[in-house]
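K.L.:
Return a 3D structure for these sequence lines:
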Amino acid sequence: MCEEAGLLLQQSAVSPNIRERRDFSVAVFDGDVRLVAQAAHIPVHLGSAGDAVRAAQKALDFAPGDVAVLNDPYEGGTHLPDVTMVVPVFARGARRPDWFVVDRAHHADIGGATPGSMGIARDLFGEGLVVPPVLLRRRGELQLDVQRLLLANVRGAAERRLDLLAQEASLRLLGARILALQAEWGAASLRRHVDWLMDYTERVGRSSLATLRRGTFRARDHLEDDGQGSAPLEIALQLRHDRRGLAFDFTASGPEARGGVNANRSVVVAACAYAVRCLCPSRMPTNEGLFRLFEIETRAGTVVDPRRPAPVAGGNVETSQRLVDVCFAALARARAGVLPACSAGTMSNLSVGGRDRGGAEFAFYETLPGGAGAGPTRAGRAAVQTHMTNTRNTPVEELEHRYPVRIAALSVRPGSGGAGQRRGGDGIDKVVEALAPLSVTFLGERHLGGPPGAAGGAPGQPGGLWHEAHGRRRRLPSKCALSLAPGERLHVATPGGGGHGRAPGQRRGRRS
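P.N.:
Presented below is the predicted three-dimensional model:
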């Protein structure tokens, strides 16, 4: 049902970010806000969606026909472009929701200082419009004042409006499917089956954790910088495994950043949930039973638990990837020989805005793939999205048709994956040429050092960013904003993945 609702959202949306890249997620929660089911969409969205439902439930007195929206990272959101829609589902005559259906979609713009709303801001307000849980539709009636407020603060308002309608349509279908299922099975019987399903996931998950050594395991890594002069930014994990499960302790991590690489607690939960899920059988249902397997501790005022109004645009996309690297490094100490080397470790976020050929304001956003880390049994794949993202490539034809850009080059970076018995996957090269004046923002990582290898494998090649104009080429920092005049180009190289195992004659690689 969640997959079907996601397909409707994808086919109904008009922005390439949702329709082509599929940067959205869909899930179902029960009336107690326990995750019942989710589609295989974006890990960073779904591991954190429960916080958004709880925030909406606390802030609003839900009634049948209500539709809530929010994006506030300090009230259940991730970062501002991710707009979460929460719809309560009431059985006939019920006074409280039996279910909550939820989708979260990354909108190409949500206001702020730079097109794409992924700029290097010093606070949350510079990143875009902050939306606490509010009703977009009350008892079925569209709240025109709320809609006008939202659309008056974003670029490409017509596109944003249609994408929000697509989110609504998908949840309307999902809610109807659930009520039909409840009518067929009966409310009490369906609740029992939901409980059994969650218990099943917990049992399967605990059997997977039983393969880990008991004890305490530590891992550290860092973000290279925050775009505002703070560097490096450490993420430190102490992982404890005992009979109760896993405990992720990030309290020794570094202080929150001035720039927007802070990851709120919801993102930390999502990263830990993803890491634990990777240890479990692929066909195990993902639901509330997964979250019973672990607990998390953070410290307020750190890069993994910032205080309002610290900026967070890059926390959802960059810091989430580093959190996974740290989680995998600690888990590898508890169970050697099963986890891969580090993948690209960045989503290489590119946002572009300006005016299209008809003079209308536009913004588009995409994440660029890199190399996957090699594992104990196979080489890493080239040019793929890894870990906390699960989006598709934006078709060249779509970009060139809709916006004043030309994709001058798009290819795999041969040899960028780390050497080893099993090579890391290669990253990509992408060159974007401006055909009209453009504002560009880039957020990336692993530009100063490549993703580490594992078991003696070599690191992947670091990424890079260059501005090309008038026959000259200059290197740019991994987090920056700039303007492109017609004919100027931006060249993005994404990191390769780390290699696994030392190949004959290979020099010693950096350990994960």
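K.L.:
tally of neighbours for A113?
P.N.:
When neighbours are defined as other C-beta atoms under 10 Å, A113 has 16 of them. C-beta coordinates here come from the backbone N, C-alpha and C atoms, glycine included.
K.L.:
what's next to the worst-scoring helix or strand of the chain on mean pLDDT, contact-wise?
P.N.:
Every helix and strand of the chain was ranked by mean pLDDT, DSSP states H and E. The lowest is helix 43-46, at a mean of 82. Contacts with helix 43-46, where a contact means C-beta atoms under 8 Å, 6 or more residues apart in numbering, come from 24-25, 27, 35, 38, 78, 82, 104, 267, 270-271, 273-274, 277, 286, 316-317, 320, 387-390.
K.L.:
Restricted to strands, list those.
P.N.:
In this view, these that belong to strands under DSSP state E are 24-25, 27, 35, 38, 82, 104.
K.L.:
Which one of these is nearest to A236?
P.N.:
D82 (26.4 Å; C-beta to C-beta).
K.L.:
how about G229, secondary structure?
P.N.:
coil (DSSP: H, G, I helix; E, B strand; the rest coil).
K.L.:
that older thread, so which bits of the next helix or strand after the least confident helix or strand of the chain are buried?
P.N.:
Sequence order places helix 49-59 as the next helix or strand after helix 43-46, per DSSP states H and E. By neighbour count on 16 or more other C-beta atoms under 10 Å, the buried set for helix 49-59 is 49-57, 59.
K.L.:
Extract the C-alpha trace of the least confident helix or strand of the chain and format it as CSV.
P.N.:
C-alpha atoms of helix 43-46 as CSV (Å, rounded to 0.1, in the frame of the first residue of the first chain):
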residue,chain,number,x,y,z
PRO,A,43,16.3,6.0,4.7
VAL,A,44,16.9,9.4,6.2
HIS,A,45,13.2,10.3,5.8
LEU,A,46,11.7,7.2,7.2
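K.L.:
I'd like the distance from it to the chain centre, please.
P.N.:
A distance of 6 Å separates the centroid of the chain from that of helix 43-46, by C-alpha atoms, centre = their mean, to the nearest Å.
K.L.:
any idea where the strands of the stretch 401-512 of the chain begin and end?
P.N.:
Listed in chain order, the strands of the stretch 401-512 of the chain (DSSP state E, counting those that start in this stretch) span residues 405-412, 428-434, 438-443, 464-469, 472-475, 479-484, 489-493.
K.L.:
can you list the weak-confidence ranges in the protein?
P.N.:
Across the chain, the ranges flagged by pLDDT under 70 are 506-512.
K.L.:
quick one, domains of it?
P.N.:
2-185, 212-339, 340-512 (automatic domain parsing).
K.L.:
Between those domains, which one is closest to R203.
P.N.:
Nearest of the domains of the chain to R203, taken as C-beta to C-beta: domain 212-339 at 7.9 Å.
K.L.:
just the helices in this structure please.
P.N.:
2-12, 16-19, 43-46, 49-59, 144-151, 157-185, 187-209, 265-278, 288-291, 320-334, 396-402 (DSSP state H).
K.L.:
Tabulate the buried residues of helix 49-59 in CSV, adding columns for distance to R243.
P.N.:
Output for the buried residues of helix 49-59, formatted as CSV (distance: C-beta to C-beta, whole Å):
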residue, distance to R243
A49, 29
G50, 25
D51, 27
A52, 32
V53, 30
R54, 28
A55, 33
A56, 35
Q57, 33
A59, 38
